[in-house]
Each structure stands twice: as structure tokens, then as C-alpha cells.
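Undergrad: Any chance you can model this:
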Amino acid sequence: MKLRFLSPYVLWLFLFSVSAQAEMFTFAVADNEAPLSYQHEDIVAGIIPEIITLIFSYLPSHQVTLKAYPWARAQVQVEYEQADGFLTYPSKKRKQYAYFTSSHVYELDFGFLIYHKNNTNRSIIESAKSFDDLRSLKIIIQKGAEWESDNIPEFMPKLEANNLYTMLHWLLWREQADFLIAMPEQAKYITKKFGYQEMVAYRHVDFINDSLIPFHIGVRQSHPLARELTDKVDVVLKNEVFRKQVQDIVARYR
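TA: Predicted structure coming up:
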């Protein structure tokens, strides 16, 4: 099309339509952490993917594509500019390479110790009032989960696994450690899937710092629209209808 033959009005419409094309963002999510985030064949599903998609439904000038990876790799994708953003806990390390929304999108309650019903140390787990009471026990942590490194004391003996599936397998089937920290809905979902549901027990405790984990939208700092996107998302987060929709999404997975 030769623009010099267009009327000024038509030319304005043409240029406006080009400039108004939606900006595409790629967000990285975990591929194996159901019900939070997982991939089944070509479908990315779970609480986090649904919330990210919901957020972008309020931003018609922006679109999102979701890419699922093992969580440690998903973070690297954002850090090294292979993806644009994620929905996660704004740890000190992540803040070095991503801008985060001021407000949280939703909170995870990680104030639960998950353990085997027949653990010989069950009485210690169920009576503990601090991590100091648990210092003789071994905890399973997840590689790349920086919330754990920020909140679990260094003196705790640790066993590191790649994902929650492996963590629960080691805890309940192999009995390689005494407990882990997770949301009950995660533990219930996975143990039911693999037939461990009769083995699992859990208790809520009040000595885990930051057990209500705020998840924020983060966008890599090198993206030219990083600040613009986080500012727009902060506006969406104040919308009462949106907050109710997030609650509805989470409720469906419990």
C-alpha cells in the first residue's frame, strides 16, 4: 500500500492501528508444581497461569504468552532475558533483575509442616514452637525456592529436591527426611495422585517468618515497558471485581 495516496484521515487511522497493536509479553511459569502451575501435554494450567491470564484480560494493550519450565529454569529465563516476566515472591535476588508490582496479586499460606503420619519424630514436629525445636530433624527444600532460603534458618539440616513431587516422594515413600513446608492443597493434590494420601499429615505453625507469601508480578528490568506494565498491573490489583475473581480461581483448586 502506498501511503501517499491515502487521505489524511485514513492515514491517521492506519498509523493509529499500527501503534495500537498489543505489546506481547512472555511469562515463565513452573511446569510441574500442580495445582499452582503445571503443563499437561500442550496445555499450561493451574492457579498461577490462570491469574496471569486474568490480569492481562484487563490490559487490552498488552497480551501474554505462557511458557512452562522447571521452576529453577523459569527464573533463569527471566533473569537472562529469554522471558519477560513471572508471578512469584519478590526475593532479594529476583529484585536484582526484575521490577515488581507494589501490591501483591495474592498470598500463599506456607505456614504448614507436612510430614509422614508414622514418622518416629512426629511428637517433636507436633509440639515444636520454633525452628530451634526442630534443629535435630531434616527438612526437604526445593532448589531455586528463594523464599525458603530467606526464611528457613541455616542451621537446619536440609535435603534439596528439584520439585514438590520429588520432595513428597522422598518424604512419604523413601522417608529420607522428617518434614517439608508446603500448602496443604498442594500436598493433598500430589499425594492423592500418587496414592500417598493416607500417609500425609500436616499442622499449621506460627513460627515461620513470612509464611503468608506475597506473590507479585515481576518484569525483567531490561524490558523497555517493564515499569509501564507493573504500574498498569498495580491499577488492576485495586479492582474489587478482579480480587473476587482471584479468590474464585484459588477456591476451585482447594
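
Undergrad: use CA for all of it now, contacts and neighbours both
TA: OK.

Undergrad: Please put the alpha-carbon coordinates of the helix or strand harbouring V76 into PDB.
TA: Secondary structure from DSSP states H and E places V76 in helix 71-79. Output of helix 71-79 as PDB, limited to C-alpha atoms (Å, rounded to 0.1, in the frame of the first residue of the first chain):
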ATOM      1  CA  TRP A  71      10.900 -23.600  38.200                       C
ATOM      2  CA  ALA A  72      14.700 -23.100  38.500                       C
ATOM      3  CA  ARG A  73      14.900 -22.700  34.700                       C
ATOM      4  CA  ALA A  74      11.900 -20.500  34.500                       C
ATOM      5  CA  GLN A  75      13.600 -17.900  36.800                       C
ATOM      6  CA  VAL A  76      16.800 -18.100  34.700                       C
ATOM      7  CA  GLN A  77      14.600 -17.400  31.600                       C
ATOM      8  CA  VAL A  78      13.600 -14.100  33.100                       C
ATOM      9  CA  GLU A  79      17.000 -13.200  34.500                       C
END
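
Undergrad: Counting by contacts, list what that helix packs against.
TA: strand 23-30, strand 85-88, strand 212-220 (3 or more Cα pairs under 8 Å, 6 or more residues apart in numbering; DSSP states H and E).

Undergrad: Please work out which of these is packed deepest.
TA: Most buried of the helices and strands packed on helix 71-79, by mean neighbour count (mean count of other Cα atoms under 10 Å): strand 85-88, with a mean of 26.

Undergrad: okay, that one in CSV with CA atoms only?
TA: The C-alpha trace of strand 85-88 is given here as CSV (Å, rounded to 0.1, in the frame of the first residue of the first chain):
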residue,chain,number,x,y,z
GLY,A,85,8.1,-11.8,33.5
PHE,A,86,6.7,-14.1,36.1
LEU,A,87,4.3,-14.2,39.1
THR,A,88,6.3,-15.0,42.2
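
Undergrad: before we move on, back to that, buried set for the helix holding V76?
TA: Applying a neighbour-count criterion of 16 or more other Cα atoms under 10 Å, one finds W71, A72, A74, Q75, V76, Q77, V78, E79 buried in helix 71-79.

Undergrad: Same check on stretch 156-167?
TA: Buried, per 16+ other Cα under 10 Å, within stretch 156-167: K158, L159, A161, N162, N163, L164, Y165, M167.

Undergrad: One more: stretch 169-185?
TA: H169, W170, L171, L172, A177, D178, F179, L180, I181, A182, M183, P184.

Undergrad: got it, and stretch 187-196?
TA: So stretch 187-196, judged by 16+ other Cα under 10 Å, has buried residues A187, K188, I190, T191, Y196.

Undergrad: Could you check the pLDDT of R94?
TA: Looking at R94, its pLDDT is 97.

Undergrad: Tell me which residues touch the nearest residue to it once chain neighbours are set aside, please.
TA: Ranked by Cα to Cα, 6 or more residues apart in numbering and with sequence neighbours excluded, the top spatial neighbour of R94 is E79, at 7.9 Å. For E79, the contact set (Cα atoms under 8 Å, 6 or more residues apart in numbering) comprises R94, Y97, A98, R220.

Undergrad: any weak-confidence spans in this structure?
TA: Low-confidence segments of the chain, defined by pLDDT under 70: 1-21, 254.

Undergrad: Just the strands from the stretch 51-200 of the chain, written as ranges.
TA: Remark: strands assigned in the stretch 51-200 of the chain by DSSP state E, counting those that start in this stretch are 62-69, 85-88, 98-100, 106-109, 112-116, 139-142, 158-161, 179-181, 200-204.

Undergrad: Can you say which of the ones you listed is nearest to L237?
TA: Minimum separation from L237 across the strands of the stretch 51-200 of the chain (Cα to Cα) falls at strand 106-109, 9.5 Å.

Undergrad: among the buried residues of stretch 156-167, which two are most distant?
TA: Farthest pair in the buried residues of stretch 156-167, by Cα to Cα: K158 and Y165, 16.7 Å.

Undergrad: before we move on, the earlier item: adding distance to P224 as columns, could you present the buried residues of helix 71-79 in JSON lines?
TA: Output for the buried residues of helix 71-79, formatted as JSON lines (distance: Cα to Cα, whole Å):
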{"residue": "W71", "distance to P224": "25"}
{"residue": "A72", "distance to P224": "25"}
{"residue": "A74", "distance to P224": "20"}
{"residue": "Q75", "distance to P224": "19"}
{"residue": "V76", "distance to P224": "19"}
{"residue": "Q77", "distance to P224": "17"}
{"residue": "V78", "distance to P224": "14"}
{"residue": "E79", "distance to P224": "15"}
